[in-house]
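Trainee: what would the 3D arrangement of this be:
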Amino acid sequence: MNCKTLKPLVLIIVSAAFAASASAALAVEGAVEFGGPSVLSQQGQRLKVVVPVRSPAGDRVTASTFLVRETEVPRGYAPLPARDFTVMRPAVGDYVVFQSGEVVTAPEVSLIVSVAGDPGSPYRMNLQVPSASANSPVATSTRTTTSRTTLPTRTLRGPESDPTLPPK
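Mentor: Down below sits the predicted model:
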């Protein structure tokens, strides 16, 4: 092989190795522990949910590790397309934020969230969304709903609110 044919071959091999290592870095090696989800929005606003997370020892879970796969709202309410959700994970902080691209009108929303590499994934969050007139700025739910999805999920349950979360 001459130098002109060897150079593109080396670039292809290096690119493939980089892509493989980058995709492996997005997955966790074990189960992620979730705290109780907190809804930080009201009906008439974009849905914003903060969930405490603890990753397996040595893993730094990034926003790209999480994917909102499906959403469910009661019949008669405008859907929240899963593809429009933004996932945010701060560099310092033990929580992840899920924010819808559309305004939520439903009093209840279920999110089906996958975590790359987590054997317990996907997870279901059944959320109560306070009405615009509600006094409490933070609300959560441990309510169980009938699933319309065919995915086997694990339901996240938690306290009414987590006062240790920083304000956003």
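Trainee: going by C-alpha atoms from here, please, whenever you check contacts or count neighbours.
Mentor: Fine.
Trainee: my guess is residue 37 meets residue 52, correct?
Mentor: Yes - contact criterion Cα atoms under 8 Å: residue 37 and residue 52 qualify, at 7.1 Å.
Trainee: settle it for me: which of the two has more neighbours?
Mentor: Higher neighbour count among residue 37 and residue 52: residue 37, with 28 against 18, using other Cα atoms under 10 Å.
Trainee: quick check: bridge partners of the closest residue to that one other than its chain neighbours?
Mentor: Nearest non-adjacent residue to residue 37, counting by Cα to Cα, 6 or more residues apart in numbering: residue 51, 4.5 Å away. Bridge pairing for residue 51 (DSSP bridges) gives the partners residue 96.
Trainee: show me what contacts residue 51?
Mentor: Residues near residue 51 by Cα atoms under 8 Å, 6 or more residues apart in numbering: 34-38, 95-97.
Trainee: tell me the pLDDT of it.
Mentor: Predicted confidence (pLDDT) for residue 51: 94.
Trainee: i'd like the first residue to be 17 from this point on
Mentor: Noted, 17 is the first residue going forward, which turns the last one into residue 67.
Trainee: ok, it to residue 92 distance?
Mentor: For residue 67, the distance to residue 92 equals 27 Å [Cα to Cα, to the nearest Å].
Trainee: and for residue 45?
Mentor: Taking Cα to Cα, one finds residue 45 at 40 Å from residue 92.
Trainee: out of those two, which sits in the busier spot?
Mentor: A direct count of neighbours by other Cα under 10 Å for residue 45 and residue 92 places residue 45 higher, at 18 against 7.
Trainee: identify the residue nearest the more buried one in space, chain neighbours excluded?
Mentor: Excluding its sequence neighbours, the residue lying closest to residue 45 (Cα to Cα, 6+ apart) is residue 133, at 5.9 Å.
Trainee: just checking, that neighbour is part of a strand?
Mentor: No - assessed with DSSP: H, G, I helix; E, B strand; the rest coil, residue 133 is coil; it does not lie in a strand.
Trainee: would you confirm that it contacts residue 46?
Mentor: Yes - using Cα under 8 Å, residue 133 is in contact with residue 46, at 6.7 Å.
Trainee: now residue 81: phi and psi?
Mentor: Residue 81 adopts backbone torsions of phi -80, psi -20, taken as degrees, to the nearest 10.
Trainee: this completes my enquiry, with thanks.
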